[in-house]
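Trainee: With the input below, show me the fold.
(3 chains)
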Amino acid sequence: MKKTQFHPDNLDKYSFFEKVWDVVRLVPPGRVTTYGAIARFLGTGHSARYVGYALNASHQLPDVPAHRVVNRNGLLSGKHHFHGLSMEERLACEGVEVKEDRVVRFKELFWDPSEALQF
DNA sequence: ATAGTGACTGAAC
DNA sequence: GGTTCAGCCACTA
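Mentor: Alright, predicted model coming up:
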(Lines give C-alpha, C1' and ligand atoms only; values in the text may rest on other atoms or scores of the structure.)
Protein backbone atom coordinates (compact mmCIF):
# COMPACT_ATOMS: atom_id res chain seq x y z
CA MET A 1 0.00 0.00 0.00
CA LYS A 2 0.99 3.63 0.12
CA LYS A 3 3.00 5.01 2.92
CA THR A 4 0.90 7.72 4.46
CA GLN A 5 -2.54 6.63 3.43
CA PHE A 6 -2.93 3.03 4.45
CA HIS A 7 -0.75 2.75 7.39
CA PRO A 8 -2.51 0.73 10.10
CA ASP A 9 0.49 1.11 12.27
CA ASN A 10 0.13 4.82 12.26
CA LEU A 11 -3.63 5.24 12.54
CA ASP A 12 -6.29 3.54 14.61
CA LYS A 13 -8.25 3.03 11.48
CA TYR A 14 -7.16 3.82 8.03
CA SER A 15 -6.90 7.20 6.48
CA PHE A 16 -9.76 9.59 6.14
CA PHE A 17 -10.31 8.16 2.70
CA GLU A 18 -10.96 4.71 4.06
CA LYS A 19 -13.50 6.03 6.49
CA VAL A 20 -15.31 7.88 3.76
CA TRP A 21 -15.40 4.78 1.60
CA ASP A 22 -16.68 2.77 4.49
CA VAL A 23 -19.58 5.13 5.00
CA VAL A 24 -20.37 5.28 1.30
CA ARG A 25 -20.46 1.52 1.21
CA LEU A 26 -23.23 1.66 3.80
CA VAL A 27 -25.49 3.72 1.58
CA PRO A 28 -28.35 1.43 0.57
CA PRO A 29 -29.29 1.14 -3.10
CA GLY A 30 -31.86 3.60 -4.28
CA ARG A 31 -30.85 6.10 -1.65
CA VAL A 32 -28.45 9.03 -1.77
CA THR A 33 -26.44 10.96 0.74
CA THR A 34 -24.44 14.14 0.85
CA TYR A 35 -20.81 14.98 1.39
CA GLY A 36 -21.67 17.02 4.41
CA ALA A 37 -23.59 14.16 6.02
CA ILE A 38 -20.65 11.85 5.60
CA ALA A 39 -18.23 14.43 6.88
CA ARG A 40 -20.42 15.08 9.88
CA PHE A 41 -20.75 11.40 10.54
CA LEU A 42 -17.00 11.05 10.52
CA GLY A 43 -16.80 13.80 13.07
CA THR A 44 -14.82 16.21 10.99
CA GLY A 45 -17.97 18.09 10.13
CA HIS A 46 -16.53 20.79 8.00
CA SER A 47 -14.36 18.69 5.80
CA ALA A 48 -17.15 18.04 3.35
CA ARG A 49 -14.97 19.11 0.48
CA TYR A 50 -12.55 16.42 1.24
CA VAL A 51 -15.20 13.72 1.19
CA GLY A 52 -15.56 14.18 -2.52
CA TYR A 53 -11.85 14.19 -2.88
CA ALA A 54 -11.73 10.85 -1.11
CA LEU A 55 -14.31 9.48 -3.49
CA ASN A 56 -12.10 10.57 -6.32
CA ALA A 57 -9.51 8.15 -5.03
CA SER A 58 -12.15 5.43 -4.72
CA HIS A 59 -12.54 5.04 -8.43
CA GLN A 60 -10.59 1.84 -8.38
CA LEU A 61 -12.83 0.41 -5.68
CA PRO A 62 -15.85 -1.30 -7.24
CA ASP A 63 -17.79 -1.59 -4.00
CA VAL A 64 -17.87 2.12 -3.31
CA PRO A 65 -21.07 3.55 -4.79
CA ALA A 66 -19.79 7.05 -5.25
CA HIS A 67 -22.72 7.76 -7.53
CA ARG A 68 -24.98 7.78 -4.48
CA VAL A 69 -23.16 10.75 -3.07
CA VAL A 70 -24.32 14.17 -4.18
CA ASN A 71 -24.04 17.65 -2.80
CA ARG A 72 -26.56 19.08 -0.42
CA ASN A 73 -28.66 20.45 -3.28
CA GLY A 74 -29.09 16.97 -4.68
CA LEU A 75 -26.97 18.01 -7.62
CA LEU A 76 -24.66 15.50 -9.26
CA SER A 77 -21.62 17.64 -8.75
CA GLY A 78 -19.20 14.81 -9.35
CA LYS A 79 -20.79 13.35 -12.44
CA HIS A 80 -18.06 14.79 -14.55
CA HIS A 81 -15.58 12.55 -12.81
CA PHE A 82 -17.36 9.34 -13.70
CA HIS A 83 -16.00 7.42 -16.57
CA GLY A 84 -18.06 4.90 -18.48
CA LEU A 85 -21.60 4.74 -17.21
CA SER A 86 -22.73 8.16 -16.12
CA MET A 87 -23.81 8.95 -12.62
CA GLU A 88 -27.45 9.53 -13.44
CA GLU A 89 -27.61 6.26 -15.34
CA ARG A 90 -26.28 4.36 -12.38
CA LEU A 91 -28.82 6.06 -10.17
CA ALA A 92 -31.58 5.41 -12.64
CA CYS A 93 -30.60 1.75 -12.53
CA GLU A 94 -31.42 1.80 -8.83
CA GLY A 95 -34.71 3.58 -9.31
CA VAL A 96 -33.46 7.05 -8.51
CA GLU A 97 -34.87 9.53 -10.95
CA VAL A 98 -32.49 12.23 -12.08
CA LYS A 99 -33.50 15.34 -13.98
CA GLU A 100 -31.14 18.05 -15.14
CA ASP A 101 -28.27 16.67 -13.07
CA ARG A 102 -30.44 16.84 -9.99
CA VAL A 103 -31.91 14.00 -7.93
CA VAL A 104 -35.68 14.10 -8.02
CA ARG A 105 -37.26 13.92 -4.58
CA PHE A 106 -33.78 14.13 -3.18
CA LYS A 107 -35.18 15.00 0.20
CA GLU A 108 -37.06 11.72 0.40
CA LEU A 109 -34.22 9.63 -0.93
CA PHE A 110 -31.70 11.25 1.31
CA TRP A 111 -30.01 8.79 3.62
CA ASP A 112 -28.08 9.85 6.68
CA PRO A 113 -25.28 7.62 8.03
CA SER A 114 -26.55 8.14 11.56
CA GLU A 115 -29.71 6.38 10.41
CA ALA A 116 -27.72 3.22 9.96
CA LEU A 117 -26.34 3.42 13.45
CA GLN A 118 -29.72 3.85 15.05
CA PHE A 119 -30.91 0.76 13.36
C1' DA B 1 7.44 23.07 6.55
C1' DT B 2 4.51 26.40 3.51
C1' DA B 3 1.31 26.96 -0.14
C1' DG B 4 -2.18 25.43 -3.13
C1' DT B 5 -6.31 22.77 -4.06
C1' DG B 6 -10.74 20.36 -4.06
C1' DA B 7 -16.94 15.81 -6.51
C1' DC B 8 -18.65 21.33 -0.28
C1' DT B 9 -21.39 24.04 3.15
C1' DG B 10 -23.47 27.69 5.71
C1' DA B 11 -24.12 32.43 6.38
C1' DA B 12 -24.59 36.89 4.36
C1' DC B 13 -26.40 40.03 0.65
C1' DG C 1 -35.85 32.79 -3.75
C1' DG C 2 -30.83 32.62 -5.96
C1' DT C 3 -25.94 34.37 -5.87
C1' DT C 4 -21.47 35.53 -3.40
C1' DC C 5 -17.95 35.18 0.30
C1' DA C 6 -15.32 32.93 3.27
C1' DG C 7 -14.09 28.83 6.15
C1' DC C 8 -12.97 24.20 6.26
C1' DC C 9 -9.81 19.71 6.69
C1' DA C 10 -6.70 16.52 4.74
C1' DC C 11 -3.51 15.61 0.97
C1' DT C 12 -0.01 16.63 -2.77
C1' DA C 13 3.79 19.31 -4.71
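Trainee: Let me know the pLDDT of the closest residue to residue A:26 other than its chain neighbours.
Mentor: Using CB to CB, 6 or more residues apart in numbering and skipping the chain neighbours, the partner closest in space to residue A:26 is residue A:116 (5.2 Å). Where C-beta positions appear, they are placed from N, C-alpha and C, glycine not excepted. Residue A:116 is assigned a pLDDT of 71 by the prediction.
Trainee: what separates residue A:116 from DNA strand B, distance-wise?
Mentor: 18 Å (CB to the nearest atom of the strand, to the nearest Å).
Trainee: Pairing partners for the residue positioned nearest the centre of chain A in the sheet, please.
Mentor: Nearest to the geometric centre of chain A sits residue A:69, at 3.9 Å (CA atoms, centre = their mean). Per DSSP bridges, the residues bridged to residue A:69 are residue A:33.
Trainee: Residue A:27 contacts residue A:33, correct?
Mentor: Yes. Between residue A:27 and residue A:33 there is a contact under CB atoms under 8 Å: 5.3 Å.
Trainee: For these two, list the residues in contact with both.
Mentor: A:68-69, A:111 (CB atoms under 8 Å, 6 or more residues apart in numbering).
Trainee: now the helices for chain A?
Mentor: A:16-26, A:35-42, A:48-56, A:87-93, A:106-109, A:113-118 (DSSP state H).
Trainee: These into TSV, with extra columns for distance to DNA strand C and mean neighbour count?
Mentor: Below are these laid out as TSV (distance: least, CB to the nearest atom of the strand, whole Å; neighbours: other CB atoms under 10 Å):
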stretch	distance to DNA strand C	mean neighbour count
helix A:16-26	4	19
helix A:35-42	8	21
helix A:48-56	4	18
helix A:87-93	20	17
helix A:106-109	12	14
helix A:113-118	17	12
